[in-house]
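Asker: pasting the sequence and the predicted model now:
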Amino acid sequence: MESFTTLRTKMVDGQLRTQGVTDLDVLAVMGEVQREYFVPPSSKPLAYLDDDIMIKAATDGRPPRYLMAPAPFARLLQLAEIAASDIVLDVGCGCGYSAAVLAQLADSVVAVECDDELVERASAALVELGIANAAVVNGPLEAGFAAEGPYDVIFVDGAVECAPATLFTQLKDGGRLVAIVGSGWSAAAMVYTRSNGDVAGRAAFNAAVRPLPGFHKPLQFVF
C-alpha cells in the first residue's frame, strides 16, 4: 500500500489542482494535514479518495455525517480567502479535519459540532496532532457560537438549505461566510460578505456535498 504521504501528494496534484484550486497556502496545508487521523479506522485506506467519507452512521433519528470530499472542500477554503490573522468559526466540524486545516491558515479557530461523539473524536484528534489554536465546542450548528465572535470568516462544512441570519450576525464588518447552499448538483458554493451591517452573497461554483443537520428552510404557508 502507498504511504499516506504519497496519497496526500496525489490528492493535491490529481484532485485539487485539476479542479481549479490555485491558492498556494490551501494546497500546502492540505498536503500536510493528515486526513487519516480524522476518519474511522476502517476508512483510513479511503481517506484520500475523491469522495465523501462517512464518519458516523445514522443513529437515533439523526442523519449520517460525512467528511467532505477534498476538491469541494479546498475550493470552499479558497473562496473564503483566509488570512493568517483571521479568527474563524467552523460550523459542523464533524471529525475535526476542517478545524485542523483552518487552524493552519488562520490565527485561531472555534469549531462548533452538535454530535457528542464527534465532539470528543475531533477534540482528541486535534490534541494528538498538537493543534493548539483550534477548539471544539458542543452546540446546535445553526446557532453558531456568538460567545467568541464576531469572526473574520465563517466556514460552513457541508450543504445547507439556507444560511441562517444568526450566522450573519456573527461576522465582523468585512467578514465572509462560505457555504454550499442547496441540494444535489443544483447547490452552489456561496460567499457572503458583511459590509456596514448588510450582507451580500454571490455564487461561485456548483457542488454536490452531503447536508449538515439543522439548516432547514422555514415552512411557508401556501394557499
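Answerer: Perfect, I can see it now.
Asker: okay, which residue is most central for this structure?
Answerer: Asp157 (2.7 Å; Cα atoms, centre = their mean).
Asker: how about that residue, what does it touch?
Answerer: Taking Cβ atoms under 8 Å, 6 or more residues apart in numbering as the criterion, Asp157 is in contact with Met68, Phe73, Asp90, Val91, Gly92, Cys93, Gly94, Ser98, Leu212. The C-beta positions use only the backbone N, C-alpha and C, and glycine is treated the same way.
Asker: so which of the residues you listed is the closest to Ser108?
Answerer: Checking the contacts of Asp157 against Ser108 by Cβ to Cβ gives Asp90 as the nearest, at 10.7 Å.
Asker: just checking, what packs against the helix or strand harbouring Tyr66?
Answerer: If you go by DSSP states H and E, Tyr66 is part of strand 65-67. Helices and strands touching strand 65-67, by 3 or more Cβ pairs under 8 Å, 6 or more residues apart in numbering; DSSP states H and E, are strand 53-56.
Asker: so for stretch 128-148, what gets flagged as buried?
Answerer: Leu129, Ile131, Ala134, Ala135, Val136, Leu141, Glu142, Gly144, Phe145, Glu148 (16 or more other Cβ atoms under 10 Å).
Asker: who's in contact with it?
Answerer: Stretch 128-148 has contacts (Cβ under 8 Å, 6+ apart) with 34, 37, 87, 89-93, 96, 99-100, 102-103, 106-114, 116, 119, 122-123, 126, 154, 164, 166-167, 169-170, 212-215.
Asker: which one's the longest helix in the protein?
Answerer: helix 116-128 (DSSP state H).
Asker: which element follows that one toward the C-terminus?
Answerer: strand 134-138.
Asker: picking that back up, tell me the buried residues in the longest helix of the chain?
Answerer: Quick answer for helix 116-128 (16+ other Cβ under 10 Å): Leu118, Val119, Arg121, Ala122, Ser123, Ala125, Leu126.
Asker: then stretch 80-94?
Answerer: Buried-residue list, stretch 80-94, by 16+ other Cβ under 10 Å: Ala80, Ile82, Asp86, Ile87, Val88, Leu89, Asp90, Val91, Gly92, Cys93, Gly94.
Asker: just give the nearest non-adjacent residue to Lys172, would you?
Answerer: Pro150 (4.3 Å; Cβ to Cβ, 6 or more residues apart in numbering).
Asker: for that neighbour, what are its contacts?
Answerer: Counting by Cβ under 8 Å, 6+ apart, Pro150 makes contact with Gln170, Leu171, Lys172, Gly175.
Asker: restricted to buried residues, select those in ChimeraX.
Answerer: Here is the ChimeraX command that selects only those of those that count as buried (16+ other Cβ under 10 Å):
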select :170,171,175
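Asker: now, the contacts of Pro150 that are in strands?
Answerer: Leu171, Lys172, Gly175 (DSSP state E).
Asker: name the nearest of those residues relative to Glu2.
Answerer: So of these, ranked by how close each gets to Glu2 (Cβ to Cβ), first place is Gly175, at 39.9 Å.
Asker: isn't the closest one up against Ser195?
Answerer: No. Using Cβ atoms under 8 Å as the test, Gly175 is too far from Ser195 to be in contact (9.2 Å).
Asker: in the chain, which spans are strands?
Answerer: Counting by DSSP E, the strands of the chain are 53-56, 65-67, 87-91, 108-113, 134-138, 151-160, 171-181, 188-195, 198-206.
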